[in-house]
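1. Below: sequence and its predicted model.
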Amino acid sequence: MIAEDTGFCFLATQTTPTAHSQSISLIFSLAVCIIRIMAHYDELFKHLGEYSPDQLAALALNTEQVRVRDSLNTEQPTVKLHHSDLTFRVSLPDRGEEAILHIEAQTEESQDKPMPLRMLAYVSFLVHQHEMNVYSTVFYLRPPAGQNDPGHYTYGDEVIGGLRFTYNVIRVYELEGESYLDPGTVGLLPFTPLMRPPTGIAPEAWVERCIETTKTAPVDSRTRGTLLYALSVFGGLIHPPELFQDGILEALMRESPVYESVIQRGIQQGIEQGIEQGIEQGIEQGKKEHAVEAILTVLEVRFQTDVAEKLKPFLRAIDDLQRLDHLHRVAAQVSDVDAFTQALLNLEN
């Protein structure tokens with residue numbers, strides 16, 4: 001399951017035995033699939049923001065003159081059906097200003113409302129809630145998202161009044177990746193596979209450079225694991241997943257508490273889905289066995305013969321319950337076992 005968007009706020013100064021065994025065999029493959037499908041963009045953004053909020057804020061405001069001071073409550077809804085993931089108090093030293101910096105990250109175009117209206121709603125809430133200036137930025141992570149985002153919402157004029165609201169639009173996939181491929185700016189390294197590679201470098205080679213640079217980041221092993229995991233998830237938005245499937249890389253990612261948490265949730269959901277599927281298979285298998293036994297019972301009662309028992313393997317080979325129900329009715333109507341056998345052969349043909 002991939003989330004369409006994730007929001008950020010910075011308070012800124014700018015069964016049967018057979019079915020059971022089948023369910024167990026499905027558990028780990030299901031877990032792997034779930035881990036691949038579960039994007040967890042919001043969780044990854046949150047961890048990146050907590051580790052290096054200054055770098056993310058600097059990119060959002062296009063200035064190095066921004067400092068995150070402290071964390072605010074992240075549980076308050078910014079608007080109905082939306083929650084801000086991070087809120088920080090930050091400073092804009094060169095402006096001497098305190099404000100809210102709101103960051104919205106998108107992997108697709110906004111589906112429910114046009115992005116200008118959504119950004120206006122978020123900003124209006126934050127202004128009302130904190131009574132501070134609010135600056136807002138939307139990051140578009142992969143093409144073609146954001147191509148038609150104007151970065152503003154306006155209506156009216158100086159005569160009758162109206163509104164002019166603007167926000168920053170950053171299409172990450174249009175940024176020059178070489179400028180951000182720096183082990184010192186660790187918070188932005190996970191986004192580098194999404195950016196433009198230098199001229200003449202193939203996408204596969206660019207991904208490899210991004211991975212190798214992140215491996216050398218001056219951080220502890222747990223943070224490095226989280227950075228690499230985030231890089232693989234975000235990079236997978238536009239690159240083939242096999243580029244991030246490497247034994248050494250996965251070993252490094254396992255150091256990440258975020259990665260481990262996702263693995264555990266994926267395994268748990270895989271177990272739950274595997275058991276549920278096993279139960280469904282068990283119910284289906286039970287219905288089939290019941291139908292077969294019902295046919296054999298009718299034949300044995302009507303014709304007092306053990307020939308019916310010899311038909312059991314052929315009946316069990318039929319997976320379609322409707323066919324078995326049909327044979328049940330045939331068994332109740334035919335004149336002898338040979339006629340039923342012929343009906344069975346005709347059905348298989």
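-> Sure thing, it's come through. Residues are numbered from 1 along each chain as shown.
2. where along the chain do the strands fall?
-> For the chain, the strands defined by DSSP state E cover 5-12, 67-71, 77-79, 82-83, 88-91, 99-106, 133-140, 152-157, 161-166, 168-171.
3. Compare those and give me the one nearest Tyr259.
-> Nearest to Tyr259 among these is strand 5-12 (18.0 Å), distances taken as Cβ to Cβ. (Each C-beta comes from the backbone N, C-alpha and C, glycine too.)
4. Mind checking the pLDDT average for the closest one?
-> Averaging pLDDT along strand 5-12 yields 51.
5. For stretch 167-185, buried residues please.
-> Buried residues in stretch 167-185, counting neighbours by 16 or more other Cβ atoms under 10 Å, are found at 167-173, 175, 177-178, 180-181, 185.
6. ok, of these, which one's closest to Asp246?
-> Checking these one by one against Asp246 (Cβ to Cβ), the nearest turns out to be Leu181, at 18.9 Å.
7. And the closest one, how close does it get to Val337?
-> Distance of Leu181 to Val337, given as Cβ to Cβ, to the nearest Å: 78 Å.
8. And Pro190, by the same measure?
-> Plainly put, Pro190 is 70 Å away from Val337 if you go by Cβ to Cβ.
9. More neighbours: those two, which one.
-> Pro190 (24 against 18; other Cβ atoms under 10 Å).
10. show me what contacts the more buried one?
-> Residues near Pro190 by Cβ atoms under 8 Å, 6 or more residues apart in numbering: Leu44, Leu48, Thr214, Leu227, Ala230, Leu231, Val233, Phe234, Gly235.
11. Would you mind measuring from Tyr229 to Pro203?
-> When distances are taken as Cβ to Cβ, Tyr229 and Pro203 turn out to be 20 Å apart.
12. Confidence-wise, which helix or strand of the protein is lowest on average?
-> The weakest-scoring helix or strand in the chain, judged by mean pLDDT, DSSP states H and E, is helix 17-37 (a mean of 43).
13. Identify the residue spatially nearest to Asp325, adjacent ones excluded.
-> In space, and not counting its chain neighbours, Asp325 is closest to Ala291: 6.5 Å by Cβ to Cβ, 6 or more residues apart in numbering.
14. ditto for Arg323
-> Distance criterion Cβ to Cβ, 6+ apart; nearest residue to Arg323, sequence neighbours excluded, is Leu347 at 6.1 Å.
15. what's the distance between the one you found and Gln322?
-> According to Cβ to Cβ, Leu347 stands 11 Å off from Gln322.
16. Mind checking which of these two has more residues around it?
-> Taking other Cβ under 10 Å, Leu347 and Gln322 do not tie; Leu347 has more neighbours (15 against 9).
17. which ones are touching the more buried one?
-> When contacts are counted by Cβ under 8 Å, 6+ apart, Leu347 is found next to Ile318, Arg323, His326, Leu327.
18. Go through those residues and flag which are in helices.
-> Helix and strand membership here follows DSSP state H; of the contacts of Leu347, those in helices are Arg323, His326, Leu327.
19. who wins for most neighbours among those residues?
-> Neighbours were tallied for each of the ones in helices among the contacts of Leu347 (criterion: other Cβ under 10 Å), and the maximum of 24 neighbours falls on Leu327.
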